[in-house]
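# Okay, structure incoming, though there's no sequence with it:
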């Protein structure tokens, strides 16, 4: 698992073994460690016995130092990012969806995720994924691999299993999340700077 540390003053991600925060300049002495794979205790509500990256008690995304990022609800994940994505895909006559993705991918979102304040995070690093990985996840893996190739050979089951997998996964991952090692989070107030990769807008 990747060990990610954050500035206790401003919450910005720190470079390994940093003595000072590159964002606010505060002396950090190692910062506050956050392991982006598994926590024994939630840093937000102190509930113990945690597995995965979301607290079983408060549903907060545990690697987030601000405590404002949450586990995406079933409704927001299934109806929002699956059904809404499909509606947008049809309404924008397909090409409009891809044009929209050009603008949302740099913020680690698809068009529907952008409307719902939902972001795609690297499971190990605990930060947003790159623009290229958004295209890989949304187009190559989700649309081509699952919706086209696997579904063609399984009579549509590939897309269905991929979609309903979120109901059984502790990190609320779909199968295409598993393939690209990502997790989806809900940030109602916008994503904190500490969870954004350095080159993100």
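Cool, the structure landed. Just so it is clear, the structure is predicted and the values come from calculations on it, not from any experiment.

# in the chain, which spans are strands?
Secondary structure of the chain by DSSP state E: the strands cover 3-6, 32-35, 70-71, 118-122, 182-186.

# Comparing those by mean pLDDT, which bottoms out?
With a mean of 43, strand 32-35 has the lowest mean pLDDT of the strands of the chain.

# Distance check, the nearest residue to residue 195 once chain neighbours are set aside against residue 99.
Leaving out its chain neighbours, the residue that sits closest to residue 195 by Cβ to Cβ, 6 or more residues apart in numbering is residue 127, at 5.5 Å. In this view, the C-beta of every residue, glycine as well, is placed from N, C-alpha and C. According to Cβ to Cβ, to the nearest Å, residue 127 and residue 99 sit 26 Å apart.

# of these two, who's got more company?
Higher neighbour count among residue 127 and residue 99: residue 127, with 22 against 11, using other Cβ atoms under 10 Å.

# What does the pLDDT read for that one?
92.

# In this protein, where is pLDDT below threshold?
Residue ranges of the chain with pLDDT under 70: 1-39.

# Show the contacting residues for residue 71.
Residues in contact with residue 71 (Cβ atoms under 8 Å, 6 or more residues apart in numbering) are 54-55, 59-61, 172, 185-186.

# Now those in CSV, please, with extra columns for distance to residue 194 and neighbour count.
Putting the contacts of residue 71 into CSV (distance: Cβ to Cβ, whole Å; neighbours: other Cβ atoms under 10 Å) gives the following:
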residue, distance to residue 194, neighbour count
54, 17, 24
55, 17, 22
59, 19, 16
60, 14, 22
61, 11, 27
172, 21, 25
185, 13, 27
186, 16, 22
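
# Of the residues you listed, just say which sits nearest to residue 114.
Closest approach to residue 114 among the contacts of residue 71 (Cβ to Cβ): residue 186, at 12.6 Å.

# all helices for this structure, in order.
For the chain, applying DSSP state H gives helices covering 74, 85-91, 95-104, 111-116, 131-135, 151-154, 157-164, 175-180.

# outside of the fourth one, which residues touch it?
What that stands for is helix 111-116. By Cβ under 8 Å, 6+ apart, helix 111-116 touches 76, 80-81, 84-85, 88, 92, 97, 100-101, 104, 107, 118-120, 184, 186.

# please redo it, this time with the cut-off set to 7 Å
Applying Cβ atoms under 7 Å, 6 or more residues apart in numbering, the contact partners of helix 111-116 are 76, 80-81, 84-85, 88, 97, 100-101, 104, 119.

# and if you look at the first one?
Contacting residues not belonging to helix 74 are listed as 166-167 [Cβ under 7 Å, 6+ apart].

# what's in contact with stretch 77-88?
97, 110-113, 116, 118, 163, 166, 172, 184.

# how about 8 Å then?
With Cβ under 8 Å, 6+ apart as the criterion, stretch 77-88 contacts 72, 97, 100, 110-113, 115-116, 118, 163-164, 166-167, 172, 184.

# Now that stretch: buried residues?
77-78, 80-82, 84-85, 88 (16 or more other Cβ atoms under 10 Å).
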